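Engineer: can you look at this prediction? I've put the sequence above it.
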Amino acid sequence: MKNKVIGLILALVVILSSVGGFALADGEKGTLQVSFMTGNIRIAVNILAQQLGYFAEEGVTVQEVNLGGMDALTAINGEGNLDVLTTGFVPDLQAIGNGYDLVVVGGTAVEGGAVIAKEGSAEAFRDAGTIINVDAFLNAKLGFKRNEAAWVITRQYLLDNGVTAEQIAAIEDEAAGNISYYADETAVAQAVQKGEIELGFLPLEYALLYADAYGLETVTAAGALQENYVCCREVTSRTRLAEKAEAFAAYERARIRAFEYYKAGETDEEIRANVVNIVVKWSGKEPDYVETYLYGGVTKYAVDPNTAGIIKYVEAANNSGLLKSAAIDFGTYDITANIDTSAYLSALSSLAEENPDNAFYAQLLEEYNAAN
């Protein structure tokens with residue numbers, strides 16, 4: 001009986017230590033609950049890190065949670081069951097403007113937006129000298145979902161190329177019928193098809209997905225208007241980052257390794273096929289669509305926090321009116337107060353130190369120093 005009691009006590013100690021009641025065992029860095037929205041392959045780096053076993057190898061347990069948007073941010077900021085949101089960025093900024101104590105810890109992807117027109121009419125909105133024909137844009141009817149990053153970037157591009165704030169205000173005059181807002185991407189594509197609007201603004205994957213079905217063509221990718229603009233960041237709360245610092249560093253190590261594997265697929269056909277297969281199995285999407293999305297220029301993955309890119313995007317988003325808040329004036333607010341690169345830098349530095357001949361890690365360090 002005495003031996004049975006001792007055995008039960010030891011078993012209880014093991015269980016408690018696994019859930020944080022005691023110090024974690026060597027090599028175990030803890031658990032992070034991370035947003036894995038169903039079918040969303042913009043988080044391909046995280047999908048790979050999970051499916052290739054990199055998270056487990058680095059000692060962090062990543063629990064996939066199907067939660068996004070403001071619900072996810074509210075969960076992160078409070079007592080909810082989420083530690084990291086990896087998609088969107090305007091909602092993150094809006095939440096910060098409403099008092100959420102959030103910090104950006106890493107990157108998910110950059111660019112990824114597109115300006116679309118009805119097939120055969122895109123050329124009228126292009127200009128060889130400045131990418132887009134500004135006069136044509138000023139006189140076109142526009143449409144998109146609210147908070148659409150492709151419009152935020154295009155709007156800033158227009159301002160940077162001689163368009164006045166008054167002219168922008170005229171473009172955005174909904175009452176005059178110059179601009180329309182839609183509930184989803186399909187409605188935007190249909191509006192362009194029907195001629196209700198002349199220019200639509202979509203994530204690039206939707207522009208390509210709907211091209212044949214709705215007779216659309218891309219005027220320009222938004223990345224041509226502002227290279228490497230941040231569209232998705234990794235966000236957590238300051239409290240969660242402090243409480244789970246080791247887990248976050250391990251999490252970033254795994255993501256950097258997965259990013260390296262993904263990039264190797266650009267030149268290695270076998271790796272590329274495996275990457276596509278992994279993402280197809282996880283997402284349920286068609287192989288051709290996944291391969292085009294991952295390697296066809298639809299989006300660009302980037303795991304660096306990119307402080308410089310965040311600063312630039314916040315300026316554009318604030319100019320667009322998306323960040324109006326009673327709590328914060330983003331025109332004067334220092335957004336770097338909501339960026340913490342410590343986990344990413346710790347992860348990257350340790351990988352580079354352990355692998356001194358690895359050119360990929362050395363390149364990422366150079367990019368980190370330039371952007372942060």
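Structural biologist: Thanks, I have the structure now.

Engineer: surely Leu322 forms part of a helix?
Structural biologist: No: according to DSSP: H, G, I helix; E, B strand; the rest coil, Leu322 belongs to no helix; its state is coil.

Engineer: quick one: residues contacting it.
Structural biologist: With contacts defined as C-beta atoms under 8 Å, 6 or more residues apart in numbering, Leu322 is in contact with Val90, Leu93, Gln94, Asn147, Val152. No exception for glycine: its C-beta is placed from N, CA and C like everyone else's.

Engineer: helix, strand, or coil at the residue nearest to the spatial centre of the chain?
Structural biologist: The chain has Cys232 as the residue nearest its centroid, 1.9 Å off, counting by C-alpha atoms, centre = their mean. Following three-state DSSP, we place Cys232 in the strand state.

Engineer: would you turn the contacts of Leu322 into TSV with neighbour count and pLDDT?
Structural biologist: Shown next, in TSV, are the contacts of Leu322 (neighbours: other C-beta atoms under 10 Å; pLDDT from 0 to 100):
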residue	neighbour count	pLDDT
Val90	19	88
Leu93	29	93
Gln94	21	91
Asn147	17	82
Val152	27	92
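
Engineer: in these, find the pair that's most separated.
Structural biologist: With C-beta to C-beta as the measure, no two of the contacts of Leu322 lie farther apart than Gln94 and Val152, at 12.6 Å.

Engineer: return the distance of the longest helix along the chain from the chain's centre.
Structural biologist: The helix that spans the most residues within the chain, counting by DSSP state H, is helix 245-264. Centroid separation for helix 245-264 versus its chain: 15 Å, with C-alpha atoms, centre = their mean, to the nearest Å.

Engineer: who touches the next helix or strand after it?
Structural biologist: Per DSSP states H and E, the first helix or strand lying C-terminal to helix 245-264 is helix 269-283. Contacts to helix 269-283, defined as C-beta under 8 Å, 6+ apart, come from residues 39-41, 44, 47-48, 51-52, 261-262, 264-266, 285-287, 290-291, 294-295.

Engineer: switch to 7 Å and redo it
Structural biologist: With contact meaning C-beta atoms under 7 Å, 6 or more residues apart in numbering, helix 269-283 is reached by 39, 41, 44, 47-48, 51, 261-262, 264-265, 287, 290-291, 294-295.

Engineer: I'd like to know which of the residues you listed are part of helices.
Structural biologist: Restricting these to those inside helices, with DSSP H as the criterion, leaves Ala44, Ile47, Leu48, Gln51, Tyr261, Tyr262, Ala264, Pro287, Val290, Glu291, Leu294, Tyr295.

Engineer: the contacts of Leu322 into JSON lines, with extra columns for secondary structure and distance to Glu227?
Structural biologist: What follows is the contacts of Leu322, written out as JSON lines (DSSP: H, G, I helix; E, B strand; the rest coil; distance: C-beta to C-beta, whole Å):
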{"residue": "Val90", "secondary structure": "helix", "distance to Glu227": "19"}
{"residue": "Leu93", "secondary structure": "helix", "distance to Glu227": "20"}
{"residue": "Gln94", "secondary structure": "helix", "distance to Glu227": "25"}
{"residue": "Asn147", "secondary structure": "coil", "distance to Glu227": "21"}
{"residue": "Val152", "secondary structure": "helix", "distance to Glu227": "15"}
